[in-house]
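Colleague: I'd like to go over a predicted model; first the sequence, then the structure.
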Amino acid sequence: MNPVIDQLRSHRSIRKYTSQPIDEALFLQLIEAGQSSATSSFLQGATIIRVRNPEKRSALAQLSGNAHVSTAAEFLVFCADLRRAGNCCEKYDKPFHGGYTEQFIIATIDTALMAQNVVVAAESAGLGICYIGGVRNHPREISDLLTLPRGVYPVFGLCLGYPDQNPETKPRLPLQVVLKEDSYTDGGDAALIEAYDEQVREYYRTRTGGGHGIAWSEQVSTLLSEKMRPHMRQFLAEQGFTFE
């Protein structure tokens with residue numbers, strides 16, 4: 001198999017890291033790899049905050065609810081950034097309409113694409129990673145901690161470091177469920193998901209450290225039946241993302 005494809009198919013989230021630091025030259029290469037990702041209309045609407053201060057790391061670990069934020073060799077906060085573009089508008093005396101929904105989407109996608117490039121590069125160098133969506137648990141506090149200005153918001157964090165664990169690869173949905181041809185059809189998905197649910201149950205039962213044995217569909221139904229971060233809309237409006 002192509003080694004890049006093999007690496008991508010072997011992705012795991014790593015939550016325990018050794019104390020080995022990441023060489024600075026390698027770290028910067030990872031960020032440059034991130035910058036090489038696709039960007040809509042050449043906006044380059046992402047900014048990374050590298051958090052090295054131990055007190056800030058500890059605060060971020062608490063605010064995000066993830067202890068490994070403190071123990072990873074590096075912790076990055078990936079931010080969607082329209083402030084830079086707004087400054088360009090000011091430079092050329094043009095109106096800035098950064099509150100439009102499309103611009104929010106563009107900046108958020110740019111951020112995700114950049115981060116995934118960093119992840120692929122990091123894993124190719126033997127590093128482990130873990131995305132931290134928990135930075136959106138307390139986005140105002142984190143934005144204040146990192147002095148994020150209006151027009152910028154934290155999309156997620158990213159732990160980087162050398163793995164101190166070897167977890168199993170978590171099974172994904174059957175290809176037929178996520179890959180459709182010409183139109184969206186889901187008539188045969190129920191049986192496939194039923195079989196997948198059993199596969200996921202077995203994964204949770206037998207993975208290192210044990211697990212709860214819950215099915216994927218039950219896990220997702222629980223997730224989407226609860227209110228998820230209802231504070232985000234007001235926070236984003238405060239940051240200038242008004243979804244016009």
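Modeller: That came through, no problem.
Colleague: State the pLDDT value of Asp186.
Modeller: pLDDT, Asp186: 95.
Colleague: what's the answer for Gly210, then?
Modeller: So, for Gly210, pLDDT stands at 62.
Colleague: Could you do the one 3 residues further on as well?
Modeller: The predicted structure scores Gly213 at 81 on the pLDDT scale.
Colleague: Just list the residues touching it, thanks.
Modeller: For Gly213, the contacting residues are Arg201, Tyr204, Arg205, by CB atoms under 8 Å, 6 or more residues apart in numbering. C-beta coordinates here come from the backbone N, C-alpha and C atoms, glycine included.
Colleague: Check which helices and strands the helix or strand hosting Cys79 sits against.
Modeller: Using DSSP states H and E, Cys79 sits within strand 74-81. Packing contacts for strand 74-81, counted by 3 or more CB pairs under 8 Å, 6 or more residues apart in numbering; DSSP states H and E, involve strand 46-51, helix 54-64, helix 101-124, strand 152-161.
Colleague: Please identify the deepest-packed of the ones you listed.
Modeller: Most buried of the helices and strands packed on strand 74-81, by mean neighbour count (mean count of other CB atoms under 10 Å): strand 152-161, with a mean of 24.
Colleague: In terms of secondary structure, what does it contact?
Modeller: Secondary elements touching strand 152-161 (3+ CB pairs under 8 Å, 6+ apart): helix 68-71, strand 74-81, helix 101-124, strand 128-132, helix 139-145.
Colleague: hmm, back to that, and the angle for the helix or strand just after the strand holding Cys79 with strand 46-51?
Modeller: Using DSSP H and E, the helix or strand that follows strand 74-81 towards the C-terminus is helix 83-91. Angle, helix 83-91 to strand 46-51, by axes from the mean of the first three to the mean of the last three CA atoms, to 10 degrees: 120 degrees.
Colleague: distance between helix 83-91 and the chain's centre?
Modeller: 26 Å (CA atoms, centre = their mean, to the nearest Å).
Colleague: what comes into contact with it?
Modeller: Leu43, Gln44, Gly45, Thr47, Pro95, Phe96, Gly98, Pro149, Arg150, Gly151, Val152.
Colleague: Of all pairs in those, which one is the farthest apart?
Modeller: Greatest spatial distance among those (CB to CB): Thr47 and Pro95, at 22.6 Å.
Colleague: got the CA positions of the helix or strand in which Ala190 is found in CSV?
Modeller: If you go by DSSP H and E, Ala190 is part of helix 189-206. Extracted C-alpha coordinates of helix 189-206, given in CSV (Å, rounded to 0.1, in the frame of the first residue of the first chain):
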residue,chain,number,x,y,z
ASP,A,189,-27.6,2.1,5.5
ALA,A,190,-29.5,0.8,8.5
ALA,A,191,-28.3,-2.8,8.1
LEU,A,192,-24.7,-1.7,7.5
ILE,A,193,-24.8,0.5,10.6
GLU,A,194,-26.3,-2.3,12.7
ALA,A,195,-23.3,-4.5,11.8
TYR,A,196,-21.0,-1.5,12.4
ASP,A,197,-22.5,-1.0,15.8
GLU,A,198,-21.5,-4.5,16.9
GLN,A,199,-18.0,-3.9,15.6
VAL,A,200,-17.8,-0.7,17.7
ARG,A,201,-19.2,-2.5,20.7
GLU,A,202,-16.5,-5.1,20.4
TYR,A,203,-13.8,-2.4,20.0
TYR,A,204,-14.9,-0.7,23.2
ARG,A,205,-15.1,-4.1,25.1
THR,A,206,-11.7,-5.3,24.1
